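In: Next comes the sequence, and after it the predicted model I'd like to discuss.
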Amino acid sequence: MARRRGSVWVAAVRTPVGACSAVLLGLVVALAVLAPLLWGDVAAAIDTDAIGQAPSGAHPFGTDSLGRDILLRTLVATRFSIGLAVLATAIGVGAGVVLGALPSVLPRWAGRLLTAVVNIAVAFPGLLLALFFAVIFGVGTHGAVLAIAFAMAPAFARLVQTLSASVAGRDFVDAARISGVGRTRLLVRHVLPNIGEPLLVNATIQAGAALLAFAGLSFLGIGVQAPDYDWGRLLREGLDGIYVNPAAALAPGAAVVLAGLAFNLVGETVAAVVGVRTRPGKRAAGPLPAPRPAAAEPPADDAVLVVENLQVAFPGPHGWTVPVRGVSFSVRAGEAVGVVGESGSGKSLTALAVSRLIERPGVVTADRLEFAGKPLADASDRELGTSLAMVFQDPMTSFNPARRVGRQLAEVSERHHGLSRRAAFARAIDRLAAVRVPAAARRARQYPHEFSGGMRQRAMIGMGLMGEPKLVIADEPTTALDVTVQRQVLRLLARTREAEGAAILLISHDIAVVSQTCERMLVMYAGRVVEDLPTAGLPGAARHPYTRALLATTVDLETDRDEPLAVIPGRPPEPDRVPAGCAFAARCPLATDRCREEDPQLEPTPDGHRVACWHPHEPAVGVLSGQSREEGAA
Ligand SMILES: Nc1ncnc2c1ncn2[C@@H]1O[C@H](COP(=O)(O)OP(=O)(O)OP(=O)(O)O)[C@@H](O)[C@H]1O
């Protein structure tokens, strides 16, 4: 893990921004450390023979009113300027974290009061606050450090509050709270560590702002005082003689800009590495891996969805990860096809790819990807919006919690059918009634949180029915529901299919659910379809050892409760560590050397399956149910 992180940093430093930030930061740090040691005395030595000289070979930026070399003074001032900016940032961030975190541990009234004070302070411009505090803390270096730190603190406190609020609602925080963890410990152990990275990134960028603010205060004469000097003071002195020697102001000015740039670029690089704003480029991953050629079968004439050699890939620092590796299938009009497989087999990504929902930097490629007779890429948003419906696992997160359910459904018809607001809402009520939401007119005016889980899922299906769906893709639509509601939702999907003639692509962990609802099933393993079979002959008809093992692990009412539960030993390979040969070989009792070396293609069989296996089972009806895996697979 540490090595992985290390190499991520190396990769980040190889980007143009990373390289510039590393060079600039290295230069600034080196000057801060070495310049006072090397030139500290020379830069302070008064030379009455060289007062106010213009740039020359001996003094590239000229000399000041006491004959001191301006370039050397600028270089020597690096330590003081950077040191003070970093110190002010550290104090400001520390104070901000305390101010931002306190409301969660203080009594409610005190917390609210503190939050209000912070909010008011945030409303003031930072420099104004810095000037205000500078007057309070007094003129001089210490006063300026504290002034800048306290001016920075409210914005940081606000950031901490916002970030903490986004973490505080997460399940692991609730779990810790329920297990009796106190407020302070909850904050220190569970909340703050999870917001550390964005805080670090902001702190780095803020250091650049502190540098500028410090230069500003010193320039105004309320920061660093003589005989000390920083870039702000040098700038002020240079400006006094700008008509005589403009270069005297140029040197400290350029130093402020370059050091500020260094802080900002370092912030950008840190952000890219810790993932606050990850932009993994394709270049980091190299060329996209070529999918292996697939044996394409001509799809049926009435196919509503045709997928040939679909590949979904994501770039990473070590190359491409390909969780979907050449998937081919088709769905006929009105057909119900299930997709099963263990977690991570690529089911959801396949569904997202055929709904055009894979976002950058993910890359989808396919030899053929057609929906309703034409390439998916050519379908307009309107066509997809009305003829392809998507039902997700968690309907709570699929609905906007801040909008009424009816309005969210109506939006589909307003956008895609050009219906008026009123007509679209009437259709939404009609569709809610069609999916058996009781008192649809009243419910349409409610918010998603006022619906039960099952009702939300039905409303989601209702949303799909606002158009005339040719295909409903349902990704684990019943996993979050109890068994009774699960049945209702499955029945509703079946009715939708009958009433609307829509095809269904049902993704599920649960083979029993799929075999009840679908006539065909695709079994996925490690990003491939390993078997495509009718559900009618199950469990005996399964040919692939993986399908049979999956079936053997299915618990039903006939399963012998005295026997240990059947499991498939081992784990599926990670998408970036798929072995050569058949990906299931390491877990397959029938595996031979050939399986470990050659990857089998998905080939049609005489009984209408497609199987990717060198040693498929001969079909035998009704032998597998309730057997252990070894028996089933042998
Ligand atoms: N954005 C992404 N970047 C990299 N890898 C990803 C990304 N999204 C998914 N994956 C990986 O792709 C693999 C397949 O994910 P997918 O969600 O399709 O699996 P699944 O079969 O639907 O599993 P589950 O049933 O648990 O939802 C997983 O190993 C996952 O880690």
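Out: Thanks, I have it. Here the structure is a predicted model, which means the values were calculated and not measured. Numbers count the residues shown, from 1 in each chain.
In: show me the contacts for residue 350.
Out: 307, 310, 312, 324, 327, 339, 524 (Cβ atoms under 8 Å, 6 or more residues apart in numbering). In short, each C-beta sits where N, CA and C put it, glycine included.
In: TSV please, covering the residues you listed and showing secondary structure, neighbour count and distance to residue 137.
Out: Shown next, in TSV, are the contacts of residue 350 (DSSP: H, G, I helix; E, B strand; the rest coil; neighbours: other Cβ atoms under 10 Å; distance: Cβ to Cβ, whole Å):
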residue	secondary structure	neighbour count	distance to residue 137
307	strand	25	68
310	strand	26	64
312	strand	23	58
324	strand	29	60
327	strand	27	66
339	strand	25	66
524	strand	25	65
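In: between the residues you listed, which is nearest residue 224?
Out: residue 312 (57.1 Å; Cβ to Cβ).
In: Tell me if I'm right that the closest one and residue 364 touch.
Out: Yes: using Cβ atoms under 8 Å, residue 312 is in contact with residue 364, at 5.5 Å.
In: helix, strand or coil for the closest residue to residue 299 other than its chain neighbours?
Out: Counting by Cβ to Cβ, 6 or more residues apart in numbering, residue 299 lies nearest to residue 330, which is 3.9 Å off, once chain neighbours are set aside. Secondary structure assignment for residue 330 (DSSP: H, G, I helix; E, B strand; the rest coil): strand.
In: picking that back up, which residues do residue 312 and residue 364 both contact?
Out: If you check residue 312 and residue 364 against Cβ under 8 Å, 6+ apart, the residues they both contact are 353, 358.
In: Can I get stretch 37-46 in PDB? Just the C-alpha atoms.
Out: Only the C-alpha atoms of stretch 37-46 are listed here, as PDB (Å, rounded to 0.1, in the frame of the first residue of the first chain):
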ATOM      1  CA  LEU A  37      23.800  30.900   5.700                       C
ATOM      2  CA  LEU A  38      25.600  31.800   2.400                       C
ATOM      3  CA  TRP A  39      24.700  35.500   2.000                       C
ATOM      4  CA  GLY A  40      23.200  36.600   5.200                       C
ATOM      5  CA  ASP A  41      26.100  38.800   6.300                       C
ATOM      6  CA  VAL A  42      26.800  40.200   2.800                       C
ATOM      7  CA  ALA A  43      23.200  41.200   2.400                       C
ATOM      8  CA  ALA A  44      23.200  43.100   5.700                       C
ATOM      9  CA  ALA A  45      26.500  44.900   5.200                       C
ATOM     10  CA  ILE A  46      26.200  48.600   4.500                       C
END
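In: What average pLDDT does it get?
Out: Mean per-residue pLDDT for stretch 37-46: 89.
In: again with stretch 569-576
Out: Mean predicted confidence for stretch 569-576 is 82.
In: Might you list the low-confidence residue ranges for the stretch 401-550 of the chain?
Out: Within the stretch 401-550 of the chain, the segments meeting pLDDT under 70 span 480.
In: change it to 90
Out: Applying pLDDT under 90 to the stretch 401-550 of the chain flags the ranges 401-403, 411-419, 431, 433-438, 452-469, 474-502, 509-517, 535-543, 548-550.
In: can you pull out the strands in it?
Out: Taking DSSP state E, counting those that start in this stretch as the test, the strands found in the stretch 401-550 of the chain are 471-475, 503-507, 520-525, 528-534.
In: As TSV, these with distance to residue 82 would be great.
Out: Shown next, in TSV, are these (distance: least, Cβ to Cβ, whole Å):
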stretch	distance to residue 82
strand 471-475	52
strand 503-507	55
strand 520-525	55
strand 528-534	55
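In: ok so, going back, what's the most distant pair in the contacts of residue 350?
Out: Maximum distance among those (Cβ to Cβ): 14.0 Å, for 312 and 339.
In: got the domain boundaries for this protein?
Out: 79-274, 303-517, 535-633 (automatic domain parsing).
In: For the stretch 201-350 of the chain, list the residues in contact with the ligand, please.
Out: For the stretch 201-350 of the chain, the residues in contact with the ligand (Cβ under 6 Å from any ligand atom) are 314, 321, 323, 341, 343, 344, 345, 346, 347, 348, 349.
In: Neighbours of the closest residue to the ligand within the stretch 501-634 of the chain, how many?
Out: Per Cβ to the nearest ligand atom, the residue of the stretch 501-634 of the chain with the smallest distance to the ligand is residue 575, at 4.8 Å. Close neighbours of residue 575, defined as other Cβ atoms under 10 Å, add up to 22.
In: Wait, it touches residue 526, no?
Out: Yes: under the criterion of Cβ under 8 Å, residue 575 makes contact with residue 526 at 7.5 Å.
In: what sits in contact with each of those two?
Out: In contact with both residue 575 and residue 526: residue 346, using Cβ under 8 Å, 6+ apart.
In: thinking again about what came up before, let's have the domains of the chain in a markdown table, adding distance to residue 33.
Out: Formatted as a markdown table, these follow (distance: least, Cβ to Cβ, whole Å):
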| stretch | distance to residue 33 |
| --- | --- |
| domain 79-274 | 7 |
| domain 303-517 | 31 |
| domain 535-633 | 41 |
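In: of all the ones you listed, which lies closest to residue 37?
Out: If we rank the domains of the chain by Cβ to Cβ, the stretch that ends up nearest is domain 79-274, at 9.4 Å.
In: what distance separates the closest one from the middle of the whole chain?
Out: Remark: domain 79-274 is offset 27 Å from the chain centroid, using Cα atoms, centre = their mean, to the nearest Å.
In: try stretch 72-80
Out: Using Cα atoms, centre = their mean, the offset of stretch 72-80 from its chain centre is 42 Å.
In: Could you pull up the mean pLDDT of it?
Out: When pLDDT is averaged over stretch 72-80, the result is 93.
In: Mind giving me the packing neighbours of the biggest helix by length in the chain?
Out: As assigned by DSSP state H, the longest helix anywhere in the chain is helix 70-105. On a contact count with 3 or more Cβ pairs under 8 Å, 6 or more residues apart in numbering; DSSP states H and E, helix 70-105 meets helix 16-44, helix 108-122, helix 141-168, helix 183-185, helix 192-220, helix 231-240, helix 247-274.
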